[in-house]
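>>> Here is my input; please provide its structure:
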Amino acid sequence: MKISEIHKKKRPVLSFEIFPPKHGTALQNIDETLAILSELKPDFISVTFGAGGSSNNNRTIELAKKIKQEYNIEPVVHLTCLTYSKAEIDEFSQILLENDLKNVLALRGDRNPDIPVKEDFKHAGELTAYLKSKGDFCVGGACYPECHPESASRVAEMRHLKAKVDAGDEFLLSQLFFENDMFYSFLEDCRIAGIEVPVTPGIMPVINKAQIERMVTLCGASLPERFRKIMNRYENDKEALFDAGMAYAISQIIDLLANDVDGIHLYTMNNPVVARRICEGIRNLV
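Numbering: from 1, shown residues only. The predicted model follows:
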């Protein structure tokens with residue numbers, strides 16, 4: 001089922017995000033995580049893009065097939081375009097269609113000095129429009145409640161996001177954030193800009209201080225003072241930080257659901273313990 005159709009049938013939509021394991025030994029952890037996630041019957045699971053390699057051995061596609069065929073859950077395949085040509089995207093899209101994988105999150109992709117940029121696609125919106133021309137895809141996009149790190153301003157960010165939706169994005173998944181009021185303000189700006197597609201907030205539970213600081217650097221999210229106090233207080237106590245981080249994430253989710261958001265998208269980090277704790281915390285809320 002297309003994600004756009006799921007949003008029309010129910011609210012809130014519950015989804016999770018996982019990433020392809022880099023080594024075969026990590027497959028067992030993926031299966032354990034998927035088994036736990038499937039207990040809550042998520043509406044879809046998105047799979048981040050495993051860059052490199054051909055379309056035939058791409059781990060993202062293989063994991064998406066596993067989710068659909070073995071767990072009967074709709075996958076959303078992340079696809080980047082900055083370092084791929086139209087011919088290469090054609091190969092990916094053909095494999096996706098052959099395996100009935102029609103839900104795609106179209107992304108530009110991060111710049112990597114070790115991988116040359118190609119000229120066919122410069123923005124995610126161009127990939128969205130191209131995929132729409134290649135088949136019956138339901139395409140979504142990413143959004144940044146606190147603006148993309150490369151964005152010149154909030155106005156420029158809204159114009160860029162509106163252009164992606166006009167190109168064919170049917171749903172938006174947000175990057176992580178730690179202050180719900182920022183998401184509510186961002187959502188209001190989206191509606192003012194004429195962006196009417198579902199906008200789902202993305203929540204990442206805390207595992208350790210170093211990890212969260214690295215993610216914040218990459219996506220530009222800010223850390224509210226109350227969140228910093230939690231990290232500073234428990235940074236040297238792994239179990240206490242885990243418990244505090246889970247409580248913080250669950251409190252964010254409860255508040256978001258109380259404010260009638262379109263859905264909840266959880267970044268699981270492939271951690272089955274995180275997945276189970278979150279599932280237990282929100283089981284009766286979705």
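>>> Ala152: how many residues sit nearby?
Residues near Ala152, counting by other CB atoms under 10 Å, number 10. The way it works is simple: take the backbone N, C-alpha and C, and place the C-beta from them, glycine included.
>>> What are the boundaries of the helices in the stretch 1-150 of the chain?
Using DSSP state H, counting those that start in this stretch, the helices found in the stretch 1-150 of the chain span residues 3-9, 27-39, 59-71, 86-98, 124-134.
>>> want to throw these into a markdown table with mean pLDDT and distance to Ala142?
Putting the helices of the stretch 1-150 of the chain into a markdown table (pLDDT from 0 to 100; distance: least, CB to CB, whole Å) gives the following:
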| stretch | mean pLDDT | distance to Ala142 |
| --- | --- | --- |
| helix 3-9 | 96 | 14 |
| helix 27-39 | 82 | 21 |
| helix 59-71 | 93 | 15 |
| helix 86-98 | 95 | 17 |
| helix 124-134 | 96 | 7 |
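>>> most tightly surrounded among the ones you listed?
The densest packing among those, expressed as mean neighbour count by mean count of other CB atoms under 10 Å, is seen in helix 124-134 with a mean of 21.
>>> List the contacts of it.
Helix 124-134 is contacted by residues 79-81, 86, 89-90, 93, 97, 104, 106-108, 121, 137, 139, 141-142, 160, 163-164, 166-169 when judged by CB atoms under 8 Å, 6 or more residues apart in numbering.
>>> same check, this time on stretch 21-41
Contacts of stretch 21-41 (CB under 8 Å, 6+ apart): 14, 16, 18, 45, 59, 63, 66-67, 70-71, 73, 268, 270-272, 275-276, 279, 282-283, 286.
>>> Buried among those residues? Need that as a selection in PyMOL.
Selection of the buried residues among the contacts of stretch 21-41 in PyMOL, burial being defined by 16 or more other CB atoms under 10 Å:
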select buried, resi 14+16+18+45+59+63+66+67+71+73+268+270+271+272+275+276+279+282+286
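>>> so what's His7 up against?
For His7, the set of contacting residues under the criterion of CB under 8 Å, 6+ apart consists of 13, 171, 198, 262-263.
>>> Narrow those residues to just the buried residues.
Buried residues within the contacts of His7, counting neighbours by 16+ other CB under 10 Å: 13, 171, 198, 262-263.
>>> Now go through the contacts of stretch 21-41 and say which are in strands.
Secondary structure from DSSP state E places 14, 16, 18, 45 of the contacts of stretch 21-41 in strands.
>>> Go through those and name the one nearest Glu150.
The nearest member of these to Glu150, counting by CB to CB, is Ile18 at 26.0 Å.
>>> separation between that closest one and Val216?
For Ile18, the distance to Val216 under the criterion CB to CB, to the nearest Å works out to 21 Å.
>>> next one: Ala167
To Val216, Ala167 is 29 Å away according to CB to CB.
>>> if you count what's nearby, which of the two comes out ahead?
Ala167 (20 against 17).
>>> Glu280: neighbouring residues, count only.
The criterion is other CB under 10 Å. On that basis, Glu280 has 14 neighbouring residues.
>>> mind listing what it touches?
Listed by CB under 8 Å, 6+ apart, Glu280 has no contact partners.
>>> where does it land on pLDDT?
Residue-level confidence at Glu280 comes out at 86, pLDDT.
>>> And Gly52, by the same measure?
Among the per-residue scores, Gly52 shows a pLDDT of 51.
>>> now Asn112, nearest residue through space, not along the chain?
Beyond its immediate neighbours in the sequence, the residue positioned closest to Asn112 (CB to CB, 6 or more residues apart in numbering) is Thr83, lying 7.3 Å away.
>>> got the contact list for the one you found?
Residues near Thr83 by CB under 8 Å, 6+ apart: 51, 109, 112, 115-118.
>>> max-length helix in the protein?
Longest among the helix segments of the chain by residue count, using DSSP state H, is helix 238-258.
>>> so what secondary structure elements neighbour that one?
Using 3 or more CB pairs under 8 Å, 6 or more residues apart in numbering; DSSP states H and E as the contact criterion, the secondary-structure elements in contact with helix 238-258 are helix 180-192, strand 199-203, helix 225-234, strand 263-267, helix 272-282.
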